[in-house]
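K.L.:
Predicted model and sequence follow; I will ask about them next.
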Amino acid sequence: REHCLEFFELYKRTSVACEQTEQFIRIDDERETSVAMDSIEEVTLQERWRYTVAPLLSRTLGLLPSASTNSSKVCIGDSSGVLHCLGCKRGKISPVFTAPKKAAISRVSIVKDKIFVASKTEVSGFSKKGRNFYNISTFMTEPISSMFVHGNELHLTGEHMYCHYVDNKEQPFYVSKDRLFDLCPITIPGLPVSHAATAGPVALLACGDRALRVVVGKVTMCEVPLEVLPTSLCPLDDHEGGVVFGTACGRIGSVTISAAEQSRLWLTENPQKLGAVTAIAHTNALLKTPSIVVGHECGTVTVWILGASIPHLQTLVRVGSAVTSVAIGVFSQNTTPDVIVGTYSGAVVGFAAVTHEEVETNTQFYADRLVTIATEVASLKAKLKSAQADAQSDGAQRALASTAKLPELDIRASLTLDSTNAAYLLTLELAVSIEMITFLADVDVSLIVASGTTAAVACNSATSGGLLACYTCEPGTTRLQFIVRSAEGQYGTLEVSIVPQLRPRTCCRRQFPICALSLHERVSDTLDESLPLSTVVLEGQFGAGDIHTWLGRCFSDLSPTVSSPRTTLVYVSTLVGTSVEVVYEDGHALLRSDCLTTLAILRDTISKEATLNSVHMNMSSNPNLDSVPHCLRFMIPKFEYHLRIAQQFHVLDPLKELVAHENNIEFLTFEQQRLLEQSVVIEQKHAAQPHHLRCLHDTVVRLYSDMCAFQRRNPKGGSGRLGVLLQSQFTVEDLIEAFAQ
């Protein structure tokens with residue numbers, strides 16, 4: 001006993017010493033990081049100049065270096081098919097040359113003093129003076145979305161295809177089973193020359209199955225699985241094999257790839273709830289230290305300082321439109337670099353990194369800027385007045401001689417899953433002002449106007465079987481965001497009609513599929529075998545392509561075609577947290593999940609689609625009833641969280657009324673004062689809470705019904721008792737007991 005006591009005391013002293021040592025090490029690391037950050041002066045981005053062109057697609061802006069001066073030229077390819085080259089003389093932005101193309105420019109790549117642009121399936125090269133010296137019509141069956149040029153090599157990607165050309169000769173191409181989001185060059189140390197076409201950089205692809213792949217020809221040399229969906233890539237110039245990637249959830253990360261191994265260095269969080277990353281640029285000159293500038297789909301530009309650990313967010317600025325391109329270089333000033341941002345609306349904005357003291361003291365710059373803006377406004381008013389006079393003079397003759405021409409409008413629309421809030425974020429943007437927008441859905445969905453969006457509800461008729469809503473917008477509104485919430489178990493279509501403020505009046509329409517398991521997110525991990533898994537086996541006269549098409553009714557991010565004879569998919573529910581795995585091939589499919597409701601939805605949806613296509617199918621089920629309490633334990637913390645939000649919200653009004661009549665609030669407890677400080681956040685959370693609680697209630701009731709269906713018994717009596725229990729205070733044990741009855 002004495003030896004045990006001595007050992008226990010020694011163990012406690014050792015544990016305390018280890019904790020203190022770890023704390024000291026952590027403090028030292030934080031001190032070193034803080035010292036490194038303190039040595040870098042706080043800066044902000046200040047707008048210096050602005051130029052307007054037609055709407056811009058992703059990564060269609062670059063800098064053309066000048067051999068005679070330090071200043072570069074800005075090259076822009078817009079959606080009207082025009083390549084613009086801008087120069088700066090004495091602080092004034094002016095075009096150097098313009099080169100028209102037949103179709104919208106989808107990518108711009110600059111190599112030394114040459115400009116390469118991609119348009120549909122063609123690539124053209126221009127000199128620094130605008131002379132067209134190179135043209136190639138590729139054999140790609142998809143429009144070119146990404147491109148880079150190195151020497152005599154041309155690397156291209158479409159939606160699913162990667163092509164490589166050497167001296168205008170096509171090399172073996174690679175077809176991805178999922179969508180390709182971006183392409184960048186990477187030099188991998190240790191990669192044998194025999195594995196590559198040349199000793200130059202090889203292609204790194206950002207794939208839709210949450211992975212980065214190094215591809216040489218049609219061979220995948222290495223693969224880096226990620227927990228998030230990569231949407232943008234940027235190689236690190238001073239780090240061989242290093243790459244920074246942006247994600248669809250607004251986070252950025254870094255990986256290092258070599259021939260021997262691949263390592264993930266860091267992955268930031270996204271507390272600001274920024275949109276998907278659309279462009280990244282790396283530089284050492286902006287802040288005199290390695291840093292990156294990141295453009296987001298929500299119209300925000302962020303500057304990050306790279307260090308030994310996770311990067312530090314230095315500053316951010318909003319430009320009002322989705323960012324499509326970012327470039328860094330000396331342009332408007334001969335000494336300091338500019339951050340040049342291209343947006344979907346066609347605005348090209350130049351920013352300078354200045355300190356807060358410079359912002360406060362540089363009053364002359366703002367005065368000159370106001371004079372310039374006033375001159376531009378006066379010029380635009382004169383042009384408008386002249387155009388109105390011409391239209392009134394011969395407007396009647398024109399109306400009789402010609403018919404009205406409908407304007408061509410391009411809509412930037414995206415429907416992305418927000419896994420944190422278990423909802424979809426619908427983003428709509430036009431290059432012109434939006435007058436009205438309508439929504440029509442044949443499934444049960446709800447709409448909430450996102451923060452920062454100004455739109456008034458004209459009518460909103462939401463029923464259990466669909467949705468019909470109309471919103472009117474303020475003049476000048478070009479960008480709208482809505483939170484779309486849907487209940488799982490039904491699939492259909494959400495149709496959006498946008499009416500711009502144009503004459504003649506036109507309407508643009510977009511359709512978005514609502515899947516049966518719309519709140520499930522794809523992951524690259526394998527299914528945990530320790531979970532209480534239930535299985536459903538499907539066998540019949542169907543091919544892998546058939547089952548893949550039917551699964552497209554269940555999951556929203558599947559590729560249109562199946563690329564392998566045997567496919568495995570793993571998804572996680574963003575609402576509950578359960579997992580599901582689907583393994584399918586010709587004539588056979590295996591469904592496994594730790595949630596009976598997920599299996600029931602998959603089974604019913606596939607069965608319905610097979611019946612519509614007259615395909616005979618045999619089904620066998622093996623339910624694991626241990627998964628029921630497993631799912632309930634996932635849901636209880638979510639119930640408690642939303643009930644706590646409801647209680648805090650109901651306390652806010654009495655507290656606000658009390659504070660309004662009192663000058664001193666020191667008599668309030670610390671918790672009550674904290675509630676008042678967080679009142680805005682609580683009100684925002686409570687606005688979305690009723691749908692969350694209803695979804696959780698419906699999920700619990702449906703889980704009971706599906707459990708009874710797998711057991712072949714009637715759930716009618718138990719569902720009523722379960723609904724009464726959910727309206728009161730309950731625990732996990734209460735729910736498990738109600739399910740057992």
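P.N.:
Sure thing, it's come through.
K.L.:
contacts and neighbour counts: CA atoms only from here.
P.N.:
Will do.
K.L.:
show me where the stretch 451-600 of the chain has helices.
P.N.:
Using DSSP state H, counting those that start in this stretch, the helices found in the stretch 451-600 of the chain span residues 544-551, 596-612.
K.L.:
Does anything pack onto the first one? Which helices or strands?
P.N.:
Of the remaining helices and strands, those touching helix 544-551 by 3 or more C-alpha pairs under 8 Å, 6 or more residues apart in numbering; DSSP states H and E are strand 579-585, helix 596-612.
K.L.:
and if you look at the last one?
P.N.:
Contact here means 3+ C-alpha pairs under 8 Å, 6+ apart; on that basis helix 596-612 packs against strand 534-540, helix 544-551, strand 588-593, helix 679-711.
K.L.:
pull the CA atoms of that helix into PDB?
P.N.:
What follows is the C-alpha trace of helix 596-612 in PDB, where atoms were taken according to Å, rounded to 0.1, in the frame of the first residue of the first chain:
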ATOM      1  CA  LEU A 596     -32.200   3.900 -40.200                       C
ATOM      2  CA  THR A 597     -33.900   7.000 -41.700                       C
ATOM      3  CA  THR A 598     -31.000   7.500 -44.100                       C
ATOM      4  CA  LEU A 599     -31.200   3.900 -45.300                       C
ATOM      5  CA  ALA A 600     -35.000   4.200 -45.700                       C
ATOM      6  CA  ILE A 601     -34.700   7.400 -47.800                       C
ATOM      7  CA  LEU A 602     -32.100   5.800 -50.000                       C
ATOM      8  CA  ARG A 603     -34.100   2.600 -50.400                       C
ATOM      9  CA  ASP A 604     -37.400   4.400 -51.200                       C
ATOM     10  CA  THR A 605     -35.800   6.800 -53.700                       C
ATOM     11  CA  ILE A 606     -33.900   4.100 -55.600                       C
ATOM     12  CA  SER A 607     -36.900   1.900 -55.600                       C
ATOM     13  CA  LYS A 608     -39.100   4.700 -57.000                       C
ATOM     14  CA  GLU A 609     -36.600   5.500 -59.800                       C
ATOM     15  CA  ALA A 610     -36.200   1.800 -60.600                       C
ATOM     16  CA  THR A 611     -39.900   1.400 -60.900                       C
ATOM     17  CA  LEU A 612     -40.200   4.500 -63.200                       C
END
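K.L.:
Contacts for that helix next, please.
P.N.:
Outside of helix 596-612, the residues within contact range by C-alpha atoms under 8 Å, 6 or more residues apart in numbering are 489, 516-517, 534-536, 547, 550-551, 553-554, 580, 591-593, 616-617, 623, 627-628, 702-703, 706-707.
K.L.:
Now do the buried residues in that helix.
P.N.:
596-603, 605-607, 609-610 (16 or more other C-alpha atoms under 10 Å).
K.L.:
now the helices and strands packed on helix 596-612 in JSON lines, with mean pLDDT?
P.N.:
Shown next, in JSON lines, are the helices and strands packed on helix 596-612 (pLDDT from 0 to 100):
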{"stretch": "strand 534-540", "mean pLDDT": "93"}
{"stretch": "helix 544-551", "mean pLDDT": "92"}
{"stretch": "strand 588-593", "mean pLDDT": "94"}
{"stretch": "helix 679-711", "mean pLDDT": "81"}
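K.L.:
looking at these, which is closest to Thr268?
P.N.:
helix 679-711 (22.7 Å; C-alpha to C-alpha).
K.L.:
Now do that closest one against helix 596-612, angle only.
P.N.:
When axes from the mean of the first three to the mean of the last three C-alpha atoms, to 10 degrees is applied, the directions of helix 679-711 and helix 596-612 differ by 60 degrees.
K.L.:
Check which helices and strands helix 679-711 sits against.
P.N.:
For helix 679-711, the helices and strands in contact under the criterion 3+ C-alpha pairs under 8 Å, 6+ apart are helix 596-612, helix 627-660, helix 716-726.
K.L.:
Reformat the ones you listed as a markdown table; add distance to Ser127 and mean pLDDT.
P.N.:
As requested, these are exported to a markdown table (distance: least, C-alpha to C-alpha, whole Å; pLDDT from 0 to 100):
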| stretch | distance to Ser127 | mean pLDDT |
| --- | --- | --- |
| helix 596-612 | 55 | 93 |
| helix 627-660 | 60 | 84 |
| helix 716-726 | 70 | 77 |
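K.L.:
re the thing from before, now for the helices and strands packed on helix 596-612, which one comes closest to Phe181?
P.N.:
Taking C-alpha to C-alpha, helix 544-551 is the member of the helices and strands packed on helix 596-612 nearest to Phe181, at 21.4 Å.
K.L.:
Dump that closest one to PDB, restricted to CA.
P.N.:
Output in PDB follows, covering the C-alpha atoms of helix 544-551 (Å, rounded to 0.1, in the frame of the first residue of the first chain):
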ATOM      1  CA  ALA A 544     -23.500   1.000 -62.400                       C
ATOM      2  CA  GLY A 545     -24.500   4.000 -64.500                       C
ATOM      3  CA  ASP A 546     -28.200   3.400 -63.700                       C
ATOM      4  CA  ILE A 547     -27.600   3.300 -59.900                       C
ATOM      5  CA  HIS A 548     -25.300   6.300 -60.200                       C
ATOM      6  CA  THR A 549     -28.100   8.300 -61.900                       C
ATOM      7  CA  TRP A 550     -30.600   7.200 -59.200                       C
ATOM      8  CA  LEU A 551     -28.200   8.200 -56.500                       C
END
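K.L.:
pLDDT weak spots in the stretch 201-350 of the chain?
P.N.:
Applying pLDDT under 70 to the predicted model, the residue ranges of the stretch 201-350 of the chain that meet it are 308, 334.
K.L.:
So which of the buried residues of helix 596-612 is the closest to Arg522?
P.N.:
Among the buried residues of helix 596-612, and counting by C-alpha to C-alpha, the member closest to Arg522 is Thr598, at 14.2 Å.
K.L.:
if I look at that closest one, how far off is Val572?
P.N.:
Thr598 sits 10 Å away from Val572 when distances are taken as C-alpha to C-alpha, to the nearest Å.
K.L.:
joint contacts of those two?
P.N.:
Common contacts of Thr598 and Val572 (C-alpha under 8 Å, 6+ apart): Val580.
K.L.:
is it possible to export the helices and strands packed on helix 544-551 to TSV including distance to Lys120?
P.N.:
Converted to TSV, the helices and strands packed on helix 544-551 look like this (distance: least, C-alpha to C-alpha, whole Å):
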stretch	distance to Lys120
strand 579-585	35
helix 596-612	35
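K.L.:
For Asn152, find the nearest of the ones you listed.
P.N.:
Minimum separation from Asn152 across the helices and strands packed on helix 544-551 (C-alpha to C-alpha) falls at strand 579-585, 41.7 Å.
K.L.:
Average pLDDT for that closest one, rounded please.
P.N.:
In this model, strand 579-585 has a mean pLDDT of 94.
K.L.:
Next, Met374: secondary structure please.
P.N.:
Residue 374: Ala, not Met. Reducing the assignment to helix, strand or coil with DSSP: H, G, I helix; E, B strand; the rest coil, the entry for Ala374 is helix.
K.L.:
per-residue confidence for it?
P.N.:
The per-residue pLDDT reported for Ala374 equals 83.
K.L.:
For it, give its distance to Ala367.
P.N.:
Ala374 is 11 Å from Ala367, where distance means C-alpha to C-alpha.
K.L.:
Hmm, Val536 and Gly622 touching each other?
P.N.:
Actually, residue 622 is Asn. It isn't Gly. Yes - the pair formed by Asn622 and Val536 meets the contact definition of C-alpha atoms under 8 Å, at 6.3 Å.
K.L.:
Of those two, which one has the most company?
P.N.:
The neighbour comparison of Asn622 against Val536 (other C-alpha atoms under 10 Å) goes to Val536, with 19 against 12.
K.L.:
Good, wrapping up.
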